[in-house]
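In: what's the 3D shape of this:
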Amino acid sequence: MPIINPENLDLAFRGFKTIYNTAHLAAPSQAAKIAMTVPSSARDESYGWLGQFPQLREWLDGERVVRQLKAHGFTIVNRKFESTVSVSRDDFSDDRLGVFKPMFAGMGHPAALHPDEIVFSLLAR
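Out: Below is the predicted model:
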């Protein structure tokens, strides 16, 4: 019977995290193939870019054709997602943590596929 103390709780947490991360990394996510991931540490991110660059044309002689570039931009507001679970004190005390391994693996897999759901739902619009 394990003693419930900070060290044992930390050990269990690290074990569950390893199981979760292994399943997360093994999931066949497709979102990165068509969407770019950009790190963000703010509530929202604003992006600006220039409009479509005009095609090149052969310049023979005479005046150049000057085309105006258009500026565009957009802001993405970050959203938060979570799925919180708990392990009962009795399961911890009775050393039944092994029964939770499939659950944590089962959490890692869909979490890795969550970006697919978001990206592909945007394409369906």
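In: and Glu45, that's in a helix?
Out: No. Per DSSP: H, G, I helix; E, B strand; the rest coil, Glu45 lies outside any helix segment and is strand.
In: What count of nearby residues applies to it?
Out: Close neighbours of Glu45, defined as other Cβ atoms under 10 Å, add up to 14. Bear in mind the C-beta positions are built from the backbone N, C-alpha and C, glycine included.
In: ok, now Ile4?
Out: Other residues lying near Ile4 total 11 when counted by other Cβ under 10 Å.
In: what separates it from Asp10, distance-wise?
Out: Computed as Cβ to Cβ, to the nearest Å, the Ile4 to Asp10 distance reads 11 Å.
In: residue ranges for the strands of the protein, please.
Out: Taking DSSP state E, the strands of the chain run over residues 44-50, 71-77.
In: averaging pLDDT over each of those strands, which comes out lowest?
Out: With a mean of 88, strand 44-50 has the lowest mean pLDDT of the strands of the chain.
In: Could you check the angle that one makes with strand 71-77?
Out: Between the direction of strand 44-50 and that of strand 71-77, the angle (axes from the mean of the first three to the mean of the last three Cα atoms, to 10 degrees) works out to 160 degrees.
In: Each with direction, which strands does strand 44-50 pair with?
Out: strand 71-77 (antiparallel) (DSSP bridges).
In: Extract the CA atoms of the strand it pairs with and return them as CSV.
Out: Extracted in CSV, the C-alpha atoms of strand 71-77 (Å, rounded to 0.1, in the frame of the first residue of the first chain):
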residue,chain,number,x,y,z
ALA,A,71,-2.2,45.3,-47.1
HIS,A,72,-4.3,42.7,-45.3
GLY,A,73,-4.4,41.4,-41.8
PHE,A,74,-6.3,39.3,-39.3
THR,A,75,-6.3,38.5,-35.6
ILE,A,76,-6.6,35.1,-34.0
VAL,A,77,-7.9,35.0,-30.5
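In: Residues in contact with that strand: which ones?
Out: Surrounding strand 71-77, the residues in contact under the criterion Cβ atoms under 8 Å, 6 or more residues apart in numbering are Ser40, Arg43, Asp44, Glu45, Ser46, Tyr47, Gly48, Trp49, Leu50, Gly51.
In: Perfect, that will be all.
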